[in-house]
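# Predicted model, plus sequence, below.
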Amino acid sequence: MAELDLWIISNDLGVDSAILAGFAQAVRYDYVRANDLEHVVHHILERLGPDGRVGKLHFPGHAYFASSPEDEARGTGGHGAQHVGRSEMSSLEGTGWLSRVFAPLRPRFAPGAQVILEGCQTGKAHRLLAALSAALGGVPVSGGTSNQRIFPGLEGAVRTCVQLPGGAPACGVTREATEFGAAAGWIDDNMVVPFIQDVRSAWSKHVAPLMIHLR
């Protein structure tokens, strides 16, 4: 039974979407392009077929984090959201909507599956990690505590939360803070930087003028 490791690339990131998709193709990452979260679930199920299972889901892209003084005092972290195309996975909405959207995908996670939010500072948003874990039926959800770069890997400390539906969340630091690139899964900058420059150049030359013309 195949287990997929999928990278979810939002279509609304402009040149960054092109960079992510091009990089995924270059290093042969399996990925799904995303207009919104429902679109993601539909295409993941198509990719899985009747017998496939999800091993890992990576969500690169923009995110935000916010906490109150009370949250800081209690050490419970705060709220947050990870953007996925036109939609977002947000702890401010609770687990109801997320649970409905992920319902078809919930039984398709493999034992030991993981979800990784690669937006900036999602590791500080305990409530986001826990809400998403509960919506997925208890799959562990991780995020990095620092600002992130565009490529795979989590910068800063990594926090992981698990919450079974109806249960209390369990969150903990599963990796201490690292410097950029240090044991964080980053590709060598000597490879990344020229690649970004090539994609940005192609975007500026071919795509941006077309978008201006269409306005």
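Structure's in. What do you need? Numbers count the residues shown, from 1 in each chain.
# what's near enough to touch residue 167?
Contact partners of residue 167, counting by C-beta atoms under 8 Å, 6 or more residues apart in numbering, are residue 134. Quick note: C-beta positions are derived from backbone N, CA and C, even for glycine.
# And it, how close does it get to residue 128?
Per C-beta to C-beta, to the nearest Å, residue 167 is found 17 Å from residue 128.
# how about the helices of this structure, start to end?
Remark: helices assigned in the chain by DSSP state H are 15-26, 37-48, 69-74, 96-102, 126-135, 189-202, 208-214.
# Isn't residue 88 up against residue 80?
No: using C-beta atoms under 8 Å, residue 88 makes no contact with residue 80, being 9.6 Å away.
# residues near the residue nearest to residue 122 when sequence neighbours are not counted, how many?
With C-beta to C-beta, 6 or more residues apart in numbering as the criterion, residue 122 has its nearest non-adjacent residue at 3.0 Å, and that residue is residue 143. For residue 143, the neighbour count with other C-beta atoms under 10 Å is 32.
# from now on call the first residue 468
That works, and once the first residue is 468, the last one we named lands at residue 610.
# Show the model's pLDDT score for residue 610.
For residue 610, the model assigns a pLDDT of 91.
# Pairing-wise in the sheet, spell out the partners of it.
Counting by DSSP bridges, residue 610 is bridged to residue 584, residue 626.
# Next up, the contacts around it.
Residue 610 touches 530, 547, 583-586, 588-592, 595-596, 621, 625-626, counting by C-beta under 8 Å, 6+ apart.
# quick one: least confident of those residues?
The member of these with the lowest pLDDT is residue 621, at 82.
# How many residues are close by that one?
Neighbours of residue 621 under the rule other C-beta under 10 Å: 26.
# Might one say that it is in contact with residue 614?
No: the criterion here is C-beta under 8 Å, and residue 621 misses it with residue 614 at 11.0 Å.
# quick one: contacts for residue 586?
Contacts for residue 586 were tallied using C-beta under 8 Å, 6+ apart; they are 526, 527, 528, 529, 530, 531, 549, 550, 610, 615.
# The second one touches residue 617, doesn't it?
The reference is to residue 527. Yes: using C-beta under 8 Å, residue 527 is in contact with residue 617, at 6.6 Å.
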